[in-house]
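> okay, here's the prediction I keep looking at, along with the sequence it came from:
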Amino acid sequence: MRNLLITASAALALLSNPVSALPDRAGDFALLDTEGEFHQLSRYRHQEAMVLMAFDAACSEQAAAIAQFQQTASQFAEQNVSFALIESGIESDIDALRAARAATGLDLPMLVDDGQLVSETLKISAAGEVVVLDPQRLNILYRGPLTDQAAEIIAAELDGGVDETVIAEATGCAIDYPASEANLAEVPDYGTEVAPIIVEQCANCHREGGIGPFAMDSHLMLQGWSPMIREVLLTKRMPPTQVDPNVGHFDNALYISPSEMQTLVHWIDGGAPRGSHPVDPLTEVEHVDMKSWRLGEPDYIVTAPNHEIPATGVLDYINVNVPLNFDEDKWVRAVQYIPGDEAVLHHLLTYVTPPTGSFDGGEGDTTSTARRFLEGYAPGKVDPIEFPTNTGVKIPAGHQLSMQFHYTTNGRATTDETKLGLYIYDEAPDHENFTRSVAGGFRVPPYERDYPVKASYTFDEAVVVTGLRAHMHFRGKDMQFFAEYPNGTMEQLLNVPNYSYAWQPTYQLSEPVSLPSGTKVHVTGSFDNSEHNPANPDPSKTLTFGLQSWDEMFIGYWTYHAQDGGE
């Protein structure tokens with residue numbers, strides 16, 4: 001009995017007094033804030049600490065904690081510490097969260113944890129609770145109320161580092177995790193809940209012969225790779241081509257819902273069990289035949305040059321011109337790529353150019369030019385590209401195709417001979433499809449972490465915009481697309497908050513946007529030339545425009561056609 005009493009007393013002491021322990025690892029994570037800006041813990045390595053305060057839009061008792069948080073942020077304003085709120089509750093409506101942020105009076109970002117997975121990983125339990133993080137080591141230094149001790153830990157980290165995690169009991173409105181509680185009580189079922197998400201979101205690329213580095217073709221494979229799957233989900237590396245879901249919508253953007261994220265992460269956290277299904281659903285998935293023409297035999301098939309791909313190494317882009325020998329104008333209504341080896345062909349872009357033209361098409365010499373673009377291939381893109389009704393890409397007589405190939409090595413030497421099928425109109429359509437580049441000039445200094453760039457162009461005709469594409473190289477950080485209408489109103493059409501050179505599709509608008517004549521379009525963005533950008537090959541280099549991948553570009557592409565009726 002005495003031993004039991006001592007144990008109970010010790011437990012009460014743990015709840016009422018701060019507890020120190022070896023560093024508690026947080027792991028990396030990434031979230032968007034209410035304004036669409038991307039925040040990743042590991043990208044804050046230029047700071048000594050990152051301090052988050054839990055916010056719950058449903059809690060009316062956090063005003064005092066927020067005011068204290070503002071004071072603490074002001075105290076460390078001139079030092080290498082970042083402060084932000086994190087919406088840890090279940091509110092996910094972006095307009096409501098923007099209003100809630102405005103009501104706080106804070107000029108600090110509010111990170112939107114719309115699936116609660118980051119808050120859950122950080123073990124946040126109450127609104128007003130503070131978490132002090134070390135971005136270098138991805139450790140938790142402190143979790144608890146915003147007391148003098150929290151400020152002392154921040155100061156100690158600035159003074160040389162903290163080697164232990166201090167945890168204190170939180171006060172305030174309790175943060176509930178209904179999805180976590182449900183999935184803890186009953187781990188998501190592999191066969192009926194997990195496998196369907198993998199088939200829909202992942203398996204097209206992660207299959208035998210696909211571009212993914214491993215195949216998700218069985219429970220065993222999924223279980224073995226589950227720690228990495230969890231990491232790339234929480235850092236938003238996968239699925240690729242994610243864009244801000246609160247700005248427009250795009251048919252080919254790979255959105256994954258908060259509930260799907262919860263299902264996958266909670267299943268992994270629950271040990272990734274196989275369940276009792278007699279047949280593994282992933283072993284029975286039938287993938288689309290990448291070698292078949294989906295619209296039937298094309299009217300014309302272009303065979304690209306054969307490229308030898310080594311087993312290892314990093315390959316720069318390959319630009320080639322392919323003659324067509326058309327002696328009359330052709331109008332393309334649809335195209336389809338059939339990759340020679342989809343395991344190494346990362347992406348392919350194709351333009352229609354004059355006989356003496358090239359892939360660059362003069363974009364290096366001007367801030368804006370309209371070109372004939374036949375779209376491109378990207379991993380998992382098995383369907384043909386059909387242009388909007390009564391529009392097409394014109395191939396004038398005597399013109400050629402200029403093609404750009406990007407390959408990634410996978411440990412096996414191979415060859416690629418990709419085919420491009422052209423489906424031709426019998427009669428010319430009413431409108432020609434164009435892609436206009438809108439480019440900005442820049443000179444990015446060495447080690448510059450957030451260098452802004454902008455560009456603009458005014459359309460002198462009424463057009464319908466159907467697609468948008470961001471293009472930068474390794475130091476690209478983000479890009480946004482806006483339309484400024486003649487009446488002065490501004491509309492944001494696309495936000496690419498975490499640009500990746502590896503993934504740069506044309507985002508196809510679900511609802512095309514009509515721009516009247518005189519509309520000025522804007523492209524804004526920034527470069528990260530710092531050593532904390534994991535893709536940066538040389539942060540000591542001053543960056544200017546260049547065609548090679550180790551130089552830089554800043555181009556926003558607008559795919560459009562003229563409006564019916566002109567003005």
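Yep, it's here.

> the helices in this structure, which residues?
2-16, 63-75, 94-104, 117-121, 148-158, 178-185, 195-201, 219-224, 226-234, 258-269 (DSSP state H).

> go through those helices and find the least confident stretch.
Mean pLDDT is lowest for helix 2-16 out of the helices of the chain, coming in at a mean of 32.

> if we can go back for a sec, and the helices of the chain, which is most packed in?
helix 117-121 (a mean of 22; mean count of other C-beta atoms under 10 Å). Backbone N, C-alpha and C define where each C-beta goes, glycine included.

> who touches that helix?
Applying C-beta atoms under 8 Å, 6 or more residues apart in numbering, the set of residues contacting helix 117-121 from outside is 26-27, 29, 31, 54, 86, 88, 111, 113, 175, 177, 180, 234, 261-262, 265.

> just how off-centre is it within its chain?
19 Å (C-alpha atoms, centre = their mean, to the nearest Å).

> quick check, Gly27 in contact with Leu233.
No - using C-beta atoms under 8 Å, Gly27 is not in contact with Leu233; the gap is 11.4 Å.

> between these two, which contacts overlap?
With C-beta under 8 Å, 6+ apart, Gly27 and Leu233 have no common neighbours.

> how does this structure divide into domains?
According to automatic domain parsing, the chain comprises the domains 18-175, 179-284, 290-431, 433-567.

> so how far is the first one from its chain's centroid?
Distance of domain 18-175 from its chain centroid, counting by C-alpha atoms, centre = their mean, is 23 Å.

> skipping adjacent residues, who's closest to Arg25 in space?
Nearest non-adjacent residue to Arg25, counting by C-beta to C-beta, 6 or more residues apart in numbering: Asn139, 5.7 Å away.

> can you tell me how far that neighbour sits from Ser125?
19 Å (C-beta to C-beta, to the nearest Å).

> can you count the residues close to Asp176?
15 (other C-beta atoms under 10 Å).

> which outside residues touch stretch 254-267?
With C-beta under 8 Å, 6+ apart, stretch 254-267 has contacts from 92, 114-117, 179-180, 183-184, 187-188, 190, 193-194, 197, 201, 229-230, 233-234, 239-242, 245, 273.

> quick check: Thr506 vs Leu493, distance?
Thr506 sits 13 Å away from Leu493, taking C-beta to C-beta as the criterion.

> overlap in contacts, those two.
Common contacts of Thr506 and Leu493 (C-beta under 8 Å, 6+ apart): Leu468.

> neighbours around the residue nearest to Arg25, how many?
19.

> wait, isn't it in contact with Asp24?
Yes - using C-beta under 8 Å, Asn139 is in contact with Asp24, at 6.5 Å.

> which neighbours do these two have in common?
If you check Asn139 and Asp24 against C-beta under 8 Å, 6+ apart, the residues they both contact are Thr165.

> Phe250: which of the helices of the chain is closest?
helix 195-201 (15.6 Å; C-beta to C-beta).

> send the alpha carbons of that closest one over as CSV?
C-alpha atoms of helix 195-201 as CSV (Å, rounded to 0.1, in the frame of the first residue of the first chain):
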residue,chain,number,x,y,z
ALA,A,195,-5.9,0.7,-49.8
PRO,A,196,-8.6,2.7,-51.7
ILE,A,197,-6.7,5.9,-50.8
ILE,A,198,-3.4,4.4,-52.0
VAL,A,199,-5.0,3.3,-55.3
GLU,A,200,-6.5,6.8,-55.9
GLN,A,201,-3.6,9.0,-54.7
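
> which elements pack onto that helix?
Counting contacts by 3 or more C-beta pairs under 8 Å, 6 or more residues apart in numbering; DSSP states H and E, helix 195-201 packs against helix 258-269.

> any idea of the angle the helix it packs on forms with helix 226-234?
160 degrees (axes from the mean of the first three to the mean of the last three C-alpha atoms, to 10 degrees).

> tell me the angle of helix 258-269 relative to helix 178-185?
Using the same axes, to 10 degrees: helix 258-269 against helix 178-185 is 30 degrees.

> thanks a lot, catch you later.
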